[in-house]
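[1] Here's my sequence, what's the structure:
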Amino acid sequence: MTSKNILIVGTGTIGEPLIGLLSDLKEKLKIKNVFFHKRTPLVDEIAKVNSLLKRGAKLVTYGGDVGESFEALGHTVTADLPTALRMADVVIDCTPAGNANKEEFYLPLSEGRYCATKNKKRIFIAQGSEKGFGIPYAYGINDEVLEDLDTEFIQVVSCNTHNICSLIKTIAGEDPQNLVRGDFTCIRRANDISQEGSFIPSPEIGKHSNNMFGTHHAKDAYDVFATLYQHPDIYSSALKVNTQYMHIIRFNLEIKAFANTEDIIARFEENKFAALTHKKAANRVFSFGRDHGYYGRIFNHTVVATDSLATQSRYGNTQITGFCFTPQDGNSLLSSCAAAMRGIHGKNYNNYMRFFDEYLFDMV
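    Below you'll find the predicted structure:
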């Protein structure tokens with residue numbers, strides 16, 4: 001067992017399963033402690049906090065009256081936030097305030113402004129909404145950035161960004177020059193099943209706010225490939241539909257040389273991060289994840305609907321069209337774990353990522 005600790009900030013749709021996952025695998029991953037910070041004591045979340053504590057995670061609060069309020073609900077508080085931050089070797093921020101927390105907590109900690117651990121090397125990780133937090137990263141896409149990591153700050157990109165990147169890398173292959181052009185329509189679910197707000201009564205189209213990329217989805221994928229000095233020609237559109245199940249992406253990629261549908265399916269079969277399905281309805285794919293996935297999640301980058309795939313020869317190139325399902329936050333969770341393992345075990349992190357392979361599906 002190492003002496004290194006992980007602190008997870010936030011217990012929402014990403015934080016909660018991440019706390020459970022790392023706690024369950026703590027011994028295999030050689031983590032000393034999994035701390036988690038919850039901001040607000042809530043009566044309706046007593047069971048959630050107790051479940052995380054039962055798994056072996058340790059509760060961290062702001063201390064003072066807040067800590068006493070948690071204890072009044074029957075929870076054991078291990079430390080206050082400043083103490084846990086000083087103890088942590090990896091901090092994973094799973095809140096929509098990652099950039100604000102960076103300025104208030106993580107940068108001062110990194111620079112040794114309020115503790116005597118300036119020389120302690122930490123890694124800080126935030127999620128997809130926190131653009132600019134750090135170097136954009138997706139496990140299985142741009143792992144090279146973890147090999148020679150020259151920053152303490154990593155931004156795990158969004159679930160749809162993982163999906164788009166995986167489609168490009170799988171269909172175009174290792175040579176980015178094979179991709180002529182890619183176009184993506186992100187059909188997004190309204191809100192997560194755990195959320196009460198932000199549901200919509202009918203489909204709602206999004207703006208093309210970026211002249212070069214359309215929506216931020218293509219721009220975010222471009223930024224991931226840019227860390228590898230690759231610059232794909234891609235464009236995206238987005239709309240939100242009134243469902244809580246899953247995002248769907250309609251993709252159209254043109255690549256150099258000939259390929260038929262069987263060739264494309266074979267490429268997805270060779271990619272352990274891609275799953276194939278004959279299911280056509282999002283609720284059935286979602287239900288499979290609920291029934292067979294860890295914490296009800298599918299951790300693959302993408303679930304490609306094989307029956308939707310079509311290829312067409314075009315001036316010596318091949319155009320590939322199809323639909324795929326995005327496994328919500330599952331792929332982001334896996335990338336957060338990879339970045340965390342880099343912080344715990346250095347360049348040997350991949351030796352520990354094999355423990356997560358059992359959560360990847362070939363077929364859904």
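[2] mean confidence score for the helix or strand hosting Thr318?
    Following DSSP states H and E, one finds Thr318 within strand 317-326. Averaging pLDDT along strand 317-326 yields 97.
[3] and if you look at stretch 144-156?
    89.
[4] So which bits of that stretch are buried?
    By neighbour count on 16 or more other Cβ atoms under 10 Å, the buried set for stretch 144-156 is 145-146, 149, 152-156. Quick note: C-beta positions are derived from backbone N, CA and C, even for glycine.
[5] Mind exporting the C-alpha coordinates of that stretch to PDB?
    Coordinates of the C-alpha atoms in stretch 144-156 are reproduced here as PDB (Å, rounded to 0.1, in the frame of the first residue of the first chain):
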ATOM      1  CA  GLU A 144       1.100  10.800 -24.500                       C
ATOM      2  CA  VAL A 145       0.400  13.900 -22.500                       C
ATOM      3  CA  LEU A 146       0.600  11.900 -19.300                       C
ATOM      4  CA  GLU A 147       3.900  10.300 -20.200                       C
ATOM      5  CA  ASP A 148       5.900  13.500 -20.000                       C
ATOM      6  CA  LEU A 149       3.500  15.500 -17.900                       C
ATOM      7  CA  ASP A 150       4.800  19.100 -17.400                       C
ATOM      8  CA  THR A 151       1.800  20.500 -15.600                       C
ATOM      9  CA  GLU A 152      -0.100  19.800 -12.400                       C
ATOM     10  CA  PHE A 153      -3.500  20.700 -13.900                       C
ATOM     11  CA  ILE A 154      -5.500  18.300 -16.100                       C
ATOM     12  CA  GLN A 155      -9.000  18.800 -17.600                       C
ATOM     13  CA  VAL A 156     -10.800  15.600 -18.300                       C
END
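[6] what sits up against it?
    98, 102, 106, 110, 121-128, 130-138, 227-228, 332, 335-336, 338-339, 342, 347, 349 (Cβ atoms under 8 Å, 6 or more residues apart in numbering).
[7] buried subset of these?
    Buried members of those, scored by 16+ other Cβ under 10 Å, are 98, 102, 106, 110, 122-128, 130-131, 133-138, 332, 335-336, 338-339, 342, 349.
[8] Tell me which entries of these lie within strands.
    Counting by DSSP state E, the part of these found in strands is 123-126, 135-137.
[9] Can I get those in JSON lines including distance to Asn191 and pLDDT?
    Below are those laid out as JSON lines (distance: Cβ to Cβ, whole Å; pLDDT from 0 to 100):
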{"residue": "Ile123", "distance to Asn191": "30", "pLDDT": "94"}
{"residue": "Phe124", "distance to Asn191": "27", "pLDDT": "96"}
{"residue": "Ile125", "distance to Asn191": "24", "pLDDT": "97"}
{"residue": "Ala126", "distance to Asn191": "21", "pLDDT": "97"}
{"residue": "Ile135", "distance to Asn191": "29", "pLDDT": "96"}
{"residue": "Pro136", "distance to Asn191": "24", "pLDDT": "97"}
{"residue": "Tyr137", "distance to Asn191": "25", "pLDDT": "97"}
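[10] Show me the helices in this structure, by range?
    Remark: helices assigned in the chain by DSSP state H are 15-24, 26-29, 46-54, 64-72, 81-87, 98-101, 107-110, 144-147, 159-172, 216-226, 261-270, 282-292, 330-345, 349-353.
[11] Same list (those helices) but as JSON lines, adding distance to Arg181.
    Formatted as JSON lines, the helices of the chain follow (distance: least, Cβ to Cβ, whole Å):
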{"stretch": "helix 15-24", "distance to Arg181": "36"}
{"stretch": "helix 26-29", "distance to Arg181": "41"}
{"stretch": "helix 46-54", "distance to Arg181": "45"}
{"stretch": "helix 64-72", "distance to Arg181": "52"}
{"stretch": "helix 81-87", "distance to Arg181": "45"}
{"stretch": "helix 98-101", "distance to Arg181": "33"}
{"stretch": "helix 107-110", "distance to Arg181": "40"}
{"stretch": "helix 144-147", "distance to Arg181": "25"}
{"stretch": "helix 159-172", "distance to Arg181": "11"}
{"stretch": "helix 216-226", "distance to Arg181": "11"}
{"stretch": "helix 261-270", "distance to Arg181": "16"}
{"stretch": "helix 282-292", "distance to Arg181": "27"}
{"stretch": "helix 330-345", "distance to Arg181": "24"}
{"stretch": "helix 349-353", "distance to Arg181": "33"}
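[12] Could you point out which of the ones you listed sits nearest Ser308?
    helix 261-270 (10.3 Å; Cβ to Cβ).
[13] Show me what that closest one is packed against.
    helix 159-172, strand 274-277, strand 310-314 (3 or more Cβ pairs under 8 Å, 6 or more residues apart in numbering; DSSP states H and E).
[14] Contacts for that helix next, please.
    So helix 261-270 is in contact with 170-171, 173, 274, 276, 304, 306, 309-311, 320, 362, going by Cβ under 8 Å, 6+ apart.
[15] Going by distance to Ser198, which of those residues wins?
    Nearest to Ser198 among those: Val304, at 27.6 Å, using Cβ to Cβ.
[16] Count the residues that sit near that closest one.
    30 (other Cβ atoms under 10 Å).
[17] Need the per-residue pLDDT for it.
    For Val304, pLDDT reads 98.
[18] who's in contact with it?
    Counting by Cβ under 8 Å, 6+ apart, Val304 makes contact with 268, 274-277, 322-324.
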